[in-house]
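Asker: Here is my input, please return the structure:
(one chain, ligands or ions: 3)
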Amino acid sequence: MTTVRLNSADPVSLDTDALIVGFRSGQDGPVPAVGAEALDSAFGGRLAASLASVAFTGKAGELAKLPTFGAIASPLLVAVGLGDSPGLEGLRRAAGAAVRSLAGTARAALALPADTAEEAEAVALGALLGAYTFSRYRTNGEQKAPVSELTVVSGQDESVAERAGVLAESVSLVRDLVNTPPSDLWPAKFAELAEQAGAKAGLSVEVLDDQQLREGGYGGLVGVGQGSSNPPRLVRLAYSHPEAAKTLAFVGKGITFDSGGLSLKPSASMDWMKSDMGGAGAVLGAMIGIARLGLPVNAVGYLCLAENLPSGTAQRPSDVLHSYSGKTVEVLDTDAEGRLVLMDGIARAAEDSPDLIVDVATLTGAQIVALGWRTAGVMSNDDAVRELVVEAAGAAGEGAWGMPLPEELRKGLDSPVADLANLHPERWGGMLTAGIFLKEFVPEGVRWAHIDMAGPAFNKGEPYGYTPKGGTGAITRTLIGLAERHASI
Ligand code: BES
Ligand code: MN
Ligand code: ZN
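Answerer: Ligands and ions are numbered 1, 2, ... in the order given. Sure thing, here's the model as predicted:
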C-alpha cells in the first residue's frame, strides 16, 4: 500500500529516490511552476533550458526524466507539464501521471504547486490514485511495484494528506472490486465484502438474501438473478451523524457479470462486463469515505447485486416481473437488466424518506455513444439537483454532463400486458429511455438523480493522468462530494 505525507522541507535537500516538479508551458518554453523555482537555481538556472533541449515544453501531461548528478539530494528529477494554468484537476492528473511513470521506484516526492490546502490535497490524491496497481492475479513478477512512500512538499497541515488518503482508499477499493474477475466476485461474495468493509468504517450493514428478496417482493432482483447459480443480494449500508439535517440515498447497479441473459451479448461486448457492478462499487466506496470523513449528513446506500446469466432457470423475454414498488414490468430484453434491479433499489430507498436519491449505474451502451468513454450522463426529475450533481462531478474532476428526460419517450415503454416494458422499440436516445424507465419508480415528490457511467467505469484504453487501465472507481468521489454539499440537497 502506498502512503502519503506532507513535508515543508526544501525539496533541494529532500531524501527521496525521485523528485517530481512542475513546469508550465510558456511562450518561450517550459517555465518552472510554484515549487520548482528553488530547484532551478540548484541547477544554476539551466533546468528549463535543459528540459527544452529534450523537447519538453510543459504541455499538460508531458513527462521528462533527468539524472541530477548530485545537484540536489534526489538522484532523479521528473519534470511534469502543467499546461497554461492547471487548476486542481490538472494538478491531480500531473501528479498521477508522474507517479505512475515511477513504478518500480520506492520513494517519490512531489514539489508541485501546493500552497493551499486544496492544491496540496489535489497533489496528494492524484499521486495516490496514480500509484494504484492491481497485481493480485500476477505470478510472474513482471509488473513493477508502485511507489510506496510519497511525500508532498507543502506547508499545509497533515490532515490534508489524511483526507486524500481516505478518498484514494475509497476509489482503490472500487477499482479492486471492478477488476476482480466475476468467478471471484459473485453477489453473495460482494455482500460479504461490503459487510466487512462497511462494519470496519462504522456503517451499519444489512443484507437480504435471495429467499428474503423473494418474500419481500423484489421481483426485479429475483428475476435478473434467477438464471445464475449465484443468487442475488440487496445490501443496505447506513451512516448517520448527530448533527445531520439531510438524508442522502445512493442506489448502485451491481451486476457482477452481465452476459445479457437469454438476450445474450456478442463476445466483444461481454468480455468486460465484470465492470457492470461499478455503480454498486461506487456506492460502497462513497459510503465508506463519507463515514471515515465523518461528514455531517445521514446517508444510506443500496447495492443491487445479481449475476445476469442464461440457463434453464433464467428469466425469458416476455416474462412479467412484480417490482418492489408494486408496478409490473414486461421483460422484453433480458440484457436491459440494470433498470430491473435498480427499480427495486430505488423504490426501497424511497422508504428511508431521503431528501435526495441518486442512482449510479453502468446502464446503457447509449451513454457511450452519446458522451464517450469519460463523460457520465446525469438525468434528474429536478433541474437544480441535476446541476448540483454535475457541479460535484466537475469539482472532483470526474466528467459528467446533464441530459434531459423527454416526456415523449415515455409512451414507447408501454407494454400490452404489464404496466411498463423494459425496452423501448427505438434505440435512439437509449440512455434517456433508461432514465425515463427508472423515473417511474421514484415516488411523487421525491427528488432523484440518475448517473449513467457505462463508459467512465472502465478504462479499456491506455492509462492517462491518475486513471489506470481497467476499473477506474469513477463517480465514487462525486458521491462523496454530494454528501459534502449536504446543505444544498
Ligand atoms: N451493462 C450494459 C450496459 C453497458 C454497455 C455498460 C457497455 C458498459 C458498457 C447494460 O445492461 C445493457 O446491456 N444495456 C443494453 C440496453 C438495451 C438492451 C436497451 C444496451 O445498452 O445495449
Ligand atoms: Mn445488460
Ligand atoms: Zn448491465
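Asker: other SSEs contacting the lowest-mean-pLDDT helix or strand in the chain?
Answerer: Lowest by mean pLDDT, DSSP states H and E among the helices and strands of the chain is helix 37-42, with a mean of 86. Packed against helix 37-42, as judged by 3 or more CB pairs under 8 Å, 6 or more residues apart in numbering; DSSP states H and E, are the following elements: helix 47-53. In short, each C-beta sits where N, CA and C put it, glycine included.
Asker: Recalculate using a threshold of 10 Å.
Answerer: In terms of contact count using 3 or more CB pairs under 10 Å, 6 or more residues apart in numbering; DSSP states H and E, helix 37-42 is assigned the packing partners strand 19-26, strand 29-32, helix 47-53, strand 76-83, strand 107-111.
Asker: For the first one, list the C-alpha coordinates in PDB.
Answerer: Coordinates of the C-alpha atoms in strand 19-26 are reproduced here as PDB (Å, rounded to 0.1, in the frame of the first residue of the first chain):
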ATOM      1  CA  LEU A  19      11.700  14.400  -7.200                       C
ATOM      2  CA  ILE A  20       8.700  15.400  -9.300                       C
ATOM      3  CA  VAL A  21       8.500  19.100 -10.300                       C
ATOM      4  CA  GLY A  22       6.000  21.000 -12.400                       C
ATOM      5  CA  PHE A  23       6.500  23.300 -15.400                       C
ATOM      6  CA  ARG A  24       4.000  25.400 -17.100                       C
ATOM      7  CA  SER A  25       4.100  25.900 -20.900                       C
ATOM      8  CA  GLY A  26       5.300  29.400 -21.600                       C
END
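Asker: got the angle between it and strand 107-111?
Answerer: 30 degrees (axes from the mean of the first three to the mean of the last three CA atoms, to 10 degrees).
Asker: circling back to that earlier point, quick one: contacts of the least confident helix or strand of the chain?
Answerer: 10-13, 19, 21, 23, 31-32, 45-49, 68, 71-74, 77, 79, 111, 153 (CB atoms under 10 Å, 6 or more residues apart in numbering).
Asker: Drop anything exposed from those.
Answerer: 11-12, 19, 21, 23, 31-32, 47-48, 68, 71-74, 77, 79, 111, 153 (16 or more other CB atoms under 10 Å).
Asker: for the helices and strands packed on helix 37-42, which one sits closest to ligand 1?
Answerer: Ranking those by proximity to ligand 1 (CB to the nearest ligand atom) places strand 76-83 first, at 30.4 Å.
Asker: Spit out the contact partners of the residue in the chain that ligand 3 sits nearest to.
Answerer: At 3.7 Å from ligand 3, residue 258 is the closest residue in the chain, using CB to the ion. Each residue near residue 258 by CB under 10 Å, 6+ apart is listed here: 182, 224, 265, 269-270, 272-277, 306-309, 334-335, 337-338, 362.
Asker: among the residues you listed, which are within reach of ligand 3?
Answerer: With CB under 5 Å from the ion as the criterion, the contacts of residue 258 include 276, 338 near ligand 3.
Asker: who in this protein is up against ligand 1?
Answerer: 258, 276, 333, 335-338, 362-366, 423, 430, 454 (CB under 6 Å from any ligand atom).
Asker: try it again with 5 Å
Answerer: For the chain, the contact set with ligand 1 under CB under 5 Å from any ligand atom comprises 258, 276, 333, 335-336, 338, 362, 364-365, 454.
Asker: Output those as a markdown table; include the columns distance to residue 318 and pLDDT.
Answerer: Below are the residues of the chain next to ligand 1 laid out as a markdown table (distance: CB to CB, whole Å; pLDDT from 0 to 100):
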| residue | distance to residue 318 | pLDDT |
| --- | --- | --- |
| 258 | 20 | 99 |
| 276 | 23 | 99 |
| 333 | 10 | 98 |
| 335 | 14 | 98 |
| 336 | 13 | 98 |
| 338 | 19 | 99 |
| 362 | 25 | 99 |
| 364 | 21 | 98 |
| 365 | 23 | 98 |
| 454 | 26 | 98 |
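Asker: can I get those in TSV with distance to residue 440 and secondary structure?
Answerer: Listed next are these as TSV, based on distance: CB to CB, whole Å; DSSP: H, G, I helix; E, B strand; the rest coil:
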residue	distance to residue 440	secondary structure
258	22	strand
276	22	helix
333	17	coil
335	19	coil
336	14	coil
338	15	helix
362	20	coil
364	16	coil
365	21	helix
454	20	coil
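Asker: quick revisit: now, which of the contacts of residue 258 lie within helices?
Answerer: Counting by DSSP state H, the part of these found in helices is 224, 269-270, 338.
Asker: and which of the residues you listed is nearest to residue 202?
Answerer: residue 338 (29.7 Å; CB to CB).
Asker: for residue 290, phi and psi?
Answerer: Main-chain torsions, residue 290, degrees, to the nearest 10: phi -60, psi -40.
Asker: Please shift the residue numbers so they start at 55 in all later answers.
Answerer: Got it, the first residue is 55 from now on, which makes the last one we talked about residue 344.
Asker: what does the stretch 55-204 of the chain have sitting close to ligand 2?
Answerer: Counting by CB under 5 Å from the ion, no residue of the stretch 55-204 of the chain sits close to ligand 2.
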